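[1] Below are the sequence and a predicted model; questions follow.
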Protein chains: 2
Amino acid sequence: MITTIHIESALDLNRIAAYLEGLEETIIYKLIDRAQFAENRIAYQIGKSGFQGAGELSLLDLRLRRQEEMDVEFGRFCVPEERPFNDGLPNPKRDVTLPPSCLNIDNYDAVNVSTRIREAYCAFLPDICPAGDDGQYGSSVENDVYALQAIARRIHFGALYVAESKYRSDPNSYAELVRQRDREALLRLLTRPEVEAAILKRVAEKVTHIQSYINPEVRRSIPPEAVLNFYRTQIIPLTKEGQVRYFLSRKMSIFPPRI
Amino acid sequence: MITTIHIESALDLNRIAAYLEGLEETIIYKLIDRAQFAENRIAYQIGKSGFQGAGELSLLDLRLRRQEEMDVEFGRFCVPEERPFNDGLPNPKRDVTLPPSCLNIDNYDAVNVSTRIREAYCAFLPDICPAGDDGQYGSSVENDVYALQAIARRIHFGALYVAESKYRSDPNSYAELVRQRDREALLRLLTRPEVEAAILKRVAEKVTHIQSYINPEVRRSIPPEAVLNFYRTQIIPLTKEGQVRYFLSRKMSIFPPRI
């Protein structure tokens, strides 16, 4: 997804928060769609993909690789918050025009926490999917890829734009902690407990409302508290980890601290 | 999506209707996600893809082609209701095991109405997307492909399994009309106005409920009546067209009419 945040408003924290809030429905929809299929552990086991010559790859490994080989052609990873799960992808085949970036980082992948997002997501699946195996392996990993990309977009967007916005709001404090390479103090300085509490409450309420009309005889629901817990223990902490990485990788030429 | 309908229940009309009902949320979610982007007409114009060497293809043509080239490797089109939008796709690279089919048709693509689905969908986009151009072409066609696949799955599943179920409920009447190649009479015999009315009412209510908690400042909604109208004028008629094609292509060796 190409960001709809443009340069003139890119660092308005309200606009950034609004964009992140708007991504919540997309994440929830994709989790509900995945939960229509069983856990299907075999789809995540290496060498069990059923592909000729897939060797030491799982079906999810293969699907995620092929998806990103397609997406890179269309220019997805030219977008700062679209960070890939795979290395060594080819170049885009399409001309992508982006608004000038307001970010101060040379390599967007400095904030890439995709490996940890994937681990956290796979550990979370049993909380929303029926246990067992329904044979629907292809559909399971197809929906996994869509959910993973929506979650990664949210995390990396927050890691980049929220971090830059916070930095500019208090450059001296951030610059000093960066100079000291003090990750713990950076984490304390960037943390907004009241904002996190509001996100968790809103996400759980959205899961309830979105599913309020589901016919349980034909469609499975996911527990709001499971999604809330995933946001609390994984999505929010990984966003903050990405923000710390952003600060530690940020070019210091802009806004030099006055000391 | 590999069907969750298995042989023992494949022709239970209640189970088939339940599966189709469960697909409605997935279709609605994907339409709402697409509507977060503008209409972006350029993404549907040939020669405007921005791809090197794409020639007389639109960005949607390219995305749909690349998606299906990936999907075919994973075995999607081995599934009866997963009918492709493209011709000349390669063979699967994965071993797909399916339950024995209860369908009586040699070529599943006899019911393939994908070309008409795509035309109808593209004509429908202005009813749910903001007019104009927001530059988000890649995201628009990415979401188009997911919506098109969900809609096509619903239509082709109904065309195959609902048709076979209806045939078996009244083989003599259907066989006689097939012998006469009387499309109009087949359409009258298969039509269930009360079922169609219930679907339209339910779909509009689902669109309302799913969006009941959206914050209009951060997320766009789609009009329930637009989705109802798309079901009424396109999804239901195309499903019935597929059913007529199924009857006219059905192997007559089973259930010979007693005359």
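    That came in fine, so what should we check first? Numbers count the residues shown, from 1 in each chain, chains lettered A, B, ... in the order given.

[2] Against residue B:147, how distant is the closest residue to residue A:181 other than its chain neighbours?
    Counting by Cβ to Cβ, 6 or more residues apart in numbering or on different chains, residue A:248 is the residue found nearest to residue A:181 once chain neighbours are left out, at 6.8 Å. (Each C-beta comes from the backbone N, C-alpha and C, glycine too.) Separation of residue A:248 from residue B:147 (Cβ to Cβ, to the nearest Å) stands at 40 Å.

[3] Neighbour count for those two, which is higher?
    residue B:147 (23 against 15; other Cβ atoms under 10 Å in any protein chain shown).

[4] how about that one, what does it touch?
    B:27, B:30, B:31, B:33, B:34, B:121 (Cβ atoms under 8 Å, 6 or more residues apart in numbering or on different chains).

[5] For the stretch 1-150 of chain A, which segments are assigned as helices?
    A:13-34, A:59-73, A:114-128, A:137-157 (DSSP state H, counting those that start in this stretch).

[6] Reformat these as JSON lines; add mean pLDDT.
    Converted to JSON lines, these look like this (pLDDT from 0 to 100):
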{"stretch": "helix A:13-34", "mean pLDDT": "95"}
{"stretch": "helix A:59-73", "mean pLDDT": "97"}
{"stretch": "helix A:114-128", "mean pLDDT": "98"}
{"stretch": "helix A:137-157", "mean pLDDT": "98"}
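
[7] Tell me which of those helices sits most buried.
    Mean neighbours per residue, mean count of other Cβ atoms under 10 Å in any protein chain shown, is largest over these for helix A:137-157, with a mean of 25.

[8] Return the residues of the stretch 151-259 of chain A in contact with chain B.
    Listed as neighbours of chain B in the stretch 151-259 of chain A under the rule Cβ under 8 Å from any Cβ of the partner chain: A:205, A:206, A:209, A:210, A:212, A:213, A:214, A:215, A:217, A:218, A:219.

[9] Need the nearest residue in space to the fifth one, chain neighbours excluded.
    For residue A:212, the nearest residue in space outside its immediate sequence neighbours is residue B:209; the separation is 5.2 Å by Cβ to Cβ, 6+ apart.

[10] Return only those of the contacts of residue B:147 found close to chain A.
    Contacts with chain A within these, counted by Cβ under 8 Å from any Cβ: B:30, B:33.

[11] just the contacts of residue B:147 now: which is nearest chain A?
    residue B:33 (5.6 Å; Cβ to the nearest Cβ).

[12] Surely the closest one touches residue B:146?
    Yes: using Cβ atoms under 8 Å, residue B:33 is in contact with residue B:146, at 7.5 Å.

[13] Grab the most central residue of chain A for me.
    With distances taken as Cα atoms, centre = their mean, residue A:152 lies nearest the centre of chain A, 1.8 Å away.

[14] Distance-wise, check it relative to chain B.
    As judged by Cβ to the nearest Cβ, to the nearest Å, residue A:152 and chain B stand 14 Å apart.

[15] How about the contacts made by that residue?
    Applying Cβ under 8 Å, 6+ apart to residue A:152 gives the contacts A:82, A:83, A:85, A:114, A:117.

[16] cool, and residue A:117?
    By Cβ under 8 Å, 6+ apart, the residues touching residue A:117 are A:85, A:148, A:151, A:152, A:155, A:234, A:238.

[17] quick one: it from residue A:135, how far?
    27 Å.

[18] right, is stretch A:29-49 up against chain B?
    Yes: judged by Cβ under 8 Å from any Cβ, stretch A:29-49 and chain B are in contact via A:29, A:30, A:32, A:33, A:36, A:49.

[19] Hmm, residue B:29 and the first one touching each other?
    Yes: at 3.8 Å, residue A:29 counts as touching residue B:29 under the criterion of Cβ under 8 Å.

[20] Contact partners for the nearest residue to residue A:96 once chain neighbours are set aside?
    Closest residue to residue A:96 apart from its sequence neighbours, by Cβ to Cβ, 6+ apart: residue A:75 at 3.5 Å. By Cβ under 8 Å, 6+ apart, the contact list for residue A:75 reads A:92, A:94, A:95, A:96, B:138.

[21] What is the lowest-pLDDT residue among the residues you listed?
    Looking at the contacts of residue A:75 by pLDDT, the weakest one is residue A:95, with 81.
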